[in-house]
Structure formats: C-alpha cells, structure tokens
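Visitor: Coordinates for the following, if possible.
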Amino acid sequence: MLRKEGSLDDKTNILEMLPFLLIGAAVLAVAVAFLWPATWEFPMDDAYIHFVYARNLAEHGKLMFNYPTEKGVGTSSPLWVLLLTGGYRVGIPLHLLAKGLGIGALSIVGVALYLLLRPIWGAIAALGGALAAVLSGPMVWFALSGMETTLFLALGLGALLAYRAERWAWLGILLGLLTLARPEGLALALAVGIVEVWRRRGIPRRLVVAGALCALVAAPWFLYLYQRTGHFLPTSGLSKHFTTAMGVRLVAAQNPFLAALSRLTPLTYTGLWAIYLVEFVLGGMALPPPRLAVGAVVGNPHYTLSIWAILGLIGMVIPLLWKTVRRLGEFRRWPEWLQDPNRRPWLAFLLWLILHNLAYIAFLPVPGTASRYGAVNHIALWLGLVGGLRFFAHRPLLSRGWAIGLLVLLMACGIYWNGVYDANLEHMQNVRIAAARFVRGAVPPDHLCAAFDIGAVRYYGERPILDLYGLVDMEVADWFYRGEMDRYLMAKGVRCLTLPDRPGTTEDGWFDLGTILELTTTPLFTPYQMALFEIGRDRWLQGYLPTLNYQSAVTIYELLPARSQREIGTP
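Guide: Take a look at the predicted model:
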C-alpha cells in the first residue's frame, strides 16, 4: 500500500514538473535552431561593450572601458556585467556565458508566466500562453543577443511571483536586482507599490520592508553613478537620450510626414510600436506575397506588408485583442481582482506595462534595437492573443481555427527572426569584427582610433577607442552641438576613424554620418580610406529592417592632419 502511494506521488510530481520541462526543452530547441550554423558571436555591437567592462573588471578590478581614470559609465546593466565578470573569473568564455544566461533566463520567463497564469487559465491554456510568449522570434533573438533583456524579464516576473506569495523580503530583493538589470525596473517597483497601497488603503509595514530591501540592493549603484559622473543615470543612458533626439530631428528633416509625427511624441511612440508589431511579429514581413510597399510613405520601399498579414489582422488578431482589452476594461471587476491573490499580480503587471512605456515616451521614445527596450510589450501581445481565445471557448470551431492561425503566425515569426539573427551575425563577423581585427593588425598601436560603434572594435581591437556616440564620455556632446566634431578629433589626437557607412551615400541607412558631421569633407584633415568592410545589400537588409541595428558597411580611415594640434586648440 505504501509502495502504491509512493508510486502515485512520484507520478504526480512528474506530471507537475512536465510543463516546466516542456518549456525548458522548447526554449532550448528553438535557441539551438537559431544558433545553427553560427553559434559564437552576437547580433548587436552593444553586447561587446558589456564584454569589455566584464573583462576589465575581472582583470583590473575597475569598472572601465578604456582607462581607470575615465569618468563615464557606458553600461546600464551593472548586474549583467557582474554576472559576466563572475563567470569570466572562473574560466567560462564570455560568449558561452552570455548565451547560456540568456537562454536560461528565457526559460525562467516561460516558467514564471506559466505559474502566474495557471490558477486563472488552467494548466493547458497557461502552458500555451507561456510558450507563445517565449518562443516568439524577437524573444529568442533577445535571449541570444548577449544583452540583459531576458534577465530583466525573468527578474520582473519572479518579483510578481514573490508578490503573489507575499514573500516581501524576496520581493524587495528581486525588485532591487531588477533595477540593477535595467534602471527602468523601478517602474515595476512603483506598480507593485501602487497596487498594494490601493489594496490596503494605506502603506503597510511589509511594503515598507520590501521597499527598503529594494533600495538597499539598488541604491549603492545610483549613488556610485552620481559620485562618479554627477548623474543618477549611466552615461550610456544619457547618450542614448541625446543621440535619439538628434536622430529624430535628422530623420524628420528628410520627410515632412515624419516631421509632423515627431512633434506628437506619445502618438508617434504608440504608432511606432503598433507598426513594428504588425510588420515584424504579426506576419507583415514574415508571411508570403502578395505584398504592399507600405514603406514608401516614409521613404523606404523595402518595408512591405503581406496581404495575408492584413487578413490575419482583421480576421483574427484584432478580434482576439479586442476581447481581451474589453475584459480588462471592466473596471467594476478591479476591486474583486485586487483582493484575489492570483489576479492581483496581473494588475501590477498591467500597471508595469503602462508605466514602462510612459517612461520610454518621456525619455527614449523608440522601440530600441529589435524592439528590446519594450520586451515586456511582446509578452503582453501574446498573452492578449492567447487570452482572447479563451473567450471563444463556446465556439469550438472558431477557437480551434484561430488557435491554428496563431500557431502558424508564431512559426512564421520564428522562422523570419531566425533568418534575421543569421544575417545579423554575418554582418558582425564580416564587417564589425573584421574591421576590429584590421584595426588591431594594421593600425600602429600609438595611433588613437575613434568610432561610433565601440563594442566590437574595442573588444577585438584590444586597444582604447575614442567614443563618438558619448556612451562612455559625454564630452563629445559639446563639440557635436557646436558642429565641431572634426576639431574634436584633432584635439584628441585621433589618427584612425571608423565610420559605420560607405562614404557619400544614405542608401545604407538613415544617415551619412561622415557628411553630416563634416568628417569626410573638413579642411582640418584628409581622410585616407584604408579599408572597407561590407556584406551584400540583400543580406544586410534582411538583418537591418527589423533591428535598425547597423549600416551595411564599415569604412576605416587614416586621418592626415592639415595643420598641427597647436593651431586647432581646445574649447
């Protein structure tokens, strides 16, 4: 009898673990498919900035990019840098470590979503929602990007689990770690605080304890930033704000339609996200022809929209999302949900979603590389679609048809983003990393090099790089505003310039930086082209359109000064 009871318990435990194993196995399988055949490098340059910081911290004990005395801090994720540093110190290669952490974090995201949804939706629907969210093409791209994005999501959803269980100490610790993963993690801390105060009609002591622990974990980092830089945000965050604002102005100057939109930031941000999700998640670019050349409106005919995506949008996506939104809009139910421990974390999630996007509207109104700044929006999208299906359970034929349609959409999205990932890696290997190795081998060690994209060229070039985007040094902003970038290069003694484009063209992206900043036309020096690295235009477009991550080429110049630095002076 005891043996039978033990056997039943074992079977029950296996069945309870089965969804977790399925989520982990599915994430690993799709990640391996993305990684084949290019397994080693990363699709964006910023990953290598973190690698530089991690390597320097491990080898020199200093959070630095170039020099121990530098003032700026070019990482917004100290937790990610610390994790990479710890692994590097014990001998784990940074590339393997970053991919392992990203895949592991994405698996945790899936498990956390399942646990949060199961008491409300039931096991089958919860598993379907969790799998749809984590197997979406952009989410797998985030996990394999070498960045902290999926770690951020895993910590946020873990904090919601702690909130549901009323584990206040764990809640505070996880919210603190979330803020160290990315500073906008404070949005979730604020969301949980608002929901709990609303629920209790006051500030309970346990919420104060959680807040104190959150501050204890996160505050030292922000105090360190203020002491080192004079700001509570890292230099990279301030630089992104600055360069984004300037980029929007330059793009708006090229197109009257975009100029009008740029003056309505909330509308523009919301529109950008809606267009992005339709184009790159809901089948606009992933589904087969016939296509509409919708990009012509903004001067880029390469953005197209599949007719099948339009039909899916009208016949499936909008009805499902509308049903979910209508349900959430039943405000009379909110007091009931507020007292339900299983639904209360989802009110906090909803408020987190709103506050997160409001923060980006105010500070950085763009989706970011491959939309990674709003990764939480991808989770909301897929949960909204799967959640909408549940309201049509009384119409089994329709709900099954839509379920098949969502599965097709998810698979098409994954296949499309697998191609994007491969194209991104091909660019990094044959352009960015190839250029970095050229700099290391062909440019004399005593010649200072400057670059806009500093990650790969610093990591593989193994030499100091003058940062022209201001990610690690905001001094460049003053010269930029005065239109004196050429004087800045001469004042710093730059002899090597790496530009992310081919000279004299905007066919490879929105900007010809060399011409705009007068770096290739200045009378102060002659740029002698040393090398040009590029990939085929079609392959570049495949990776560029959904990420806006890079231009197709990198050109390396030797700068031959026309006059001495003594004549140029400094400001």
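Visitor: How about the contacts made by Val386?
Guide: Applying CB atoms under 8 Å, 6 or more residues apart in numbering, we find Val386 in contact with 125, 128-129, 132, 406. The way it works is simple: take the backbone N, C-alpha and C, and place the C-beta from them, glycine included.
Visitor: can you tell me which of these are in helices?
Guide: If you go by DSSP state H, these have 125, 128-129, 132, 406 in helices.
Visitor: Tell me, how many residues neighbour Met428?
Guide: 26 (other CB atoms under 10 Å).
Visitor: whoops, I mixed them up, Glu475
Guide: So Glu475, with other CB under 10 Å, has 14 neighbours.
Visitor: Dump the ones in helices among the contacts of Val386 to JSON lines, plus neighbour count and pLDDT.
Guide: Formatted as JSON lines, the ones in helices among the contacts of Val386 follow (neighbours: other CB atoms under 10 Å; pLDDT from 0 to 100):
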{"residue": "Ala125", "neighbour count": "17", "pLDDT": "96"}
{"residue": "Gly128", "neighbour count": "20", "pLDDT": "97"}
{"residue": "Gly129", "neighbour count": "26", "pLDDT": "98"}
{"residue": "Ala132", "neighbour count": "22", "pLDDT": "98"}
{"residue": "Leu406", "neighbour count": "21", "pLDDT": "97"}
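Visitor: Show me which of those residues is closest to Val195.
Guide: Gly129 (21.3 Å; CB to CB).
Visitor: isn't the closest one right up against Leu113?
Guide: Yes: at 6.5 Å, Gly129 and Leu113 qualify as touching, with contact defined as CB atoms under 8 Å.
Visitor: who touches both of the two?
Guide: Leu383.
Visitor: what about Ile203, which SS state?
Guide: Assigned with DSSP: H, G, I helix; E, B strand; the rest coil, Ile203 falls in the coil class.
Visitor: what's the closest non-adjacent residue to it?
Guide: Excluding the flanking residues, the one nearest Ile203 by CB to CB, 6 or more residues apart in numbering is Val197, at 5.8 Å.
Visitor: Surely that neighbour and Val208 touch.
Guide: No: counting by CB under 8 Å, Val197 does not reach Val208; the two are 10.8 Å apart.
Visitor: Show me the residue at the heart of the chain, geometrically.
Guide: In the chain, the centroid-proximal residue (CA atoms, centre = their mean) is Arg372; its distance is 2.4 Å.
Visitor: so how far is Leu517 from that residue?
Guide: 27 Å (CB to CB, to the nearest Å).
Visitor: ditto for Gly536
Guide: 27 Å.
Visitor: who has more neighbours, the two?
Guide: Shown here are Gly536 and Leu517; by other CB under 10 Å, Leu517 has more neighbours (22 against 12).
Visitor: where does the stretch 101-250 of the chain dip in pLDDT?
Guide: Where the stretch 101-250 of the chain drops to pLDDT under 70, the residues are 245-250.
Visitor: hmm, 50 instead?
Guide: Scanning the stretch 101-250 of the chain for pLDDT under 50 picks out nothing.
Visitor: can you give me the helices for it?
Guide: Listed in chain order, the helices of the stretch 101-250 of the chain (DSSP state H, counting those that start in this stretch) span 123-135, 137-143, 149-165, 168-181, 186-200, 205-229, 235-254.
Visitor: could I get those helices as TSV with distance to Val109?
Guide: Formatted as TSV, those follow (distance: least, CB to CB, whole Å):
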stretch	distance to Val109
helix 123-135	6
helix 137-143	8
helix 149-165	5
helix 168-181	13
helix 186-200	14
helix 205-229	21
helix 235-254	24
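Visitor: Please identify the deepest-packed of those.
Guide: helix 137-143 (a mean of 27; mean count of other CB atoms under 10 Å).
Visitor: so how far is that helix off the chain centroid?
Guide: 9 Å (CA atoms, centre = their mean, to the nearest Å).
Visitor: Give me the distance between the two termini of stretch 141-160.
Guide: 24 Å (CA to CA, to the nearest Å).
Visitor: Next up, the contacts around the residue lying closest to Val366 once chain neighbours are set aside.
Guide: Nearest non-adjacent residue to Val366, counting by CB to CB, 6+ apart: Thr244, 5.6 Å away. Neighbouring residues of Thr244 by CB under 8 Å, 6+ apart: 364-366.
Visitor: ditto for Ala423
Guide: Ala423 makes contacts with 539-540, 542-543, as judged by CB under 8 Å, 6+ apart.
Visitor: secondary structure class for it?
Guide: helix.
Visitor: how close does it get to Thr520?
Guide: 27 Å.
Visitor: same check, this time on Ala210
Guide: Ala210 is 55 Å from Thr520, by CB to CB.
Visitor: Ok, Lys323 next?
Guide: Relative to Thr520, and taking CB to CB, Lys323 is found at 55 Å.
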